[in-house]
Structures are given as structure tokens and as C-alpha cells.
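# Provided below for reference: sequence and predicted model.
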Amino acid sequence: MANILSISIDNIKGILENVMDPEVPVLSVTDLGIIRDIKLEEDQVEITITPTYTGCPAMDVIAMNIRFALIEHGYKNIKITTVISPAWTTDWMTEKGKQRLREYGIAPPNPKQIVCDTNHFAAEEAIQCPHCNSYHTKRISEFGSTACKSLYVCNDCKEPFDYFKCH
């Protein structure tokens with residue numbers, strides 16, 4: 001059993017770096033940026049998490065996997081709290097996580113860019129294909145394999161891919 005007094009928040013962060021997102025298994029919960037806070041009080045560990053989307057169906061599995069990982073390391077008194085405000089943002093993702101998304105074939109979130117056409121200015125994201133690196137891409141559907149992703153296709157290599165929405 002873990003001695004709660006000898007374990008630091010850094011040790012717990014190390015444990016959480018090995019808890020993977022069930023929908024995108026190359027991302028840890030720390031890479032995803034959903035870990036909001038870690039508290040150690042007496043014999044209790046409290047982990048505060050924020051879903052990428054309110055009602056995200058993966059959050060129950062994520063909370064369970066966090067609990068199992070901590071139990072494996074000797075923790076017994078675990079409290080997992082979900083908060084939805086402020087809302088999660090892709091700004092909380094790590095750069096390592098964004099790179100892992102790209103390597104997995106999912107375009108990571110990009111900053112908004114202003115695109116000009118002949119009629120008006122509109123805010124659009126320039127989405128880079130994770131397969132061939134082309135920016136000549138087109139959104140096919142607002143929703144991809146999960147609510148936090150959109151479905152795109154590359155006009156150059158013709159491959160479809162998910163884009164992790166920026167928000």
C-alpha cells in the first residue's frame with residue numbers, strides 16, 4: 001500500500017501519464033489536458049477532471065481507469081470530481097499530445113486563421129492532412145468518429161481523416 005505521506009503530486013502525475021484516453025488511445029489523460037487538479041489530503045487522493053465535451057461518454061471509463069491506476073499503486077481512498085466550468089479547451093493539450101495525434105493520423109487542433117474569398121472575410125481553420133501534410137483539405141462532416149472531432153478529406157492524397165476540433 002502506498003504511504004500517502006511519501007507520495008508527491010509529481011508521482012501521481014506520473015501514474016496519470018499512463019492512463020490513456022479510451023477513444024484516442026495514443027493520448028494520456030495528461031496529454032489531453034483533462035486533469036484539472038490533484039490534491040493529497042491525509043489518506044485521500046482527489047483528482048479533478050474536465051470533459052472535452054459536456055456529456056462525453058468516455059469520461060466514466062476515464063474516471064474508472066484513473067481509479068484503477070491509482071489502486072494498482074496502492075491508493076485506496078480515491079475521489080474523482082468532474083467539473084465543467086471553465087470549459088475544457090484544446091489549449092490545455094500538451095504539445096507532445098498534439099504530436100501523438102498527428103502520428104496516429106488525427107489532425108491536431110490549429111489556431112484560427114482568417115481566410116479571404118471574393119465576397120467576404122470568414123474565420124476558418126487551415127487543417128493540415130496528417131498523412132501527406134497538405135493544407136488542401138475539406139471538411140466533410142462537422143462530426144467525426146466522436147463529438148470532439150470533425151471529418152475531413154485531403155484533396156491531394158484523397159485520404160479521409162479526423163480533426164480534433166479547436167475549442
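Yep, that arrived.

# Please make it C-alpha for all contacts and neighbour counts, starting now.
Noted.

# Residue 54 and residue 84 touch, don't they?
Yes - the pair residue 54 and residue 84 qualifies as a contact (Cα atoms under 8 Å) at a distance of 6.9 Å.

# Residue 127 contacts residue 107, doesn't it?
Yes - applying Cα under 8 Å, one finds residue 127 in contact with residue 107, separated by 7.1 Å.

# Can you give me the domain assignment for this structure?
What automatic domain parsing lists as the domains of the chain is 9-88, 105-164.

# if we can go back for a sec, can you check which residues contact both of residue 127 and residue 107?
The contact sets of residue 127 and residue 107 overlap at residue 163 (Cα atoms under 8 Å, 6 or more residues apart in numbering).

# ok, those two, which is more surrounded?
Applying other Cα atoms under 10 Å to residue 127 and residue 107 shows that residue 107 carries more neighbours, namely 27 against 24.

# one step back: tell me, which of the domains of the chain is the model least confident about?
When the domains of the chain are compared by mean pLDDT, domain 105-164 comes last with a mean of 82.

# Residue 12 belongs to a strand, doesn't it?
No - counting by DSSP: H, G, I helix; E, B strand; the rest coil, residue 12 is not part of a strand but helix.

# how deep is it tucked in, by neighbour count?
Using other Cα under 10 Å, residue 12 has 18 neighbouring residues.

# What's the separation between residue 128 and residue 156?
Here the distance between residue 128 and residue 156 works out to 11 Å (Cα to Cα, to the nearest Å).

# same question, residue 46
Residue 46 is 48 Å from residue 156, by Cα to Cα.

# what does residue 95 give?
From residue 95 to residue 156 the distance is 26 Å (Cα to Cα).

# just residue 107 next, same as before
15 Å.

# Nearest the middle, which residue of the chain would you pick?
Nearest to the geometric centre of the chain sits residue 32, at 2.8 Å (Cα atoms, centre = their mean).

# Is it correct that that one is in contact with residue 94?
Yes - proximity of residue 32 to residue 94 meets the contact threshold set by Cα under 8 Å, at 6.8 Å.
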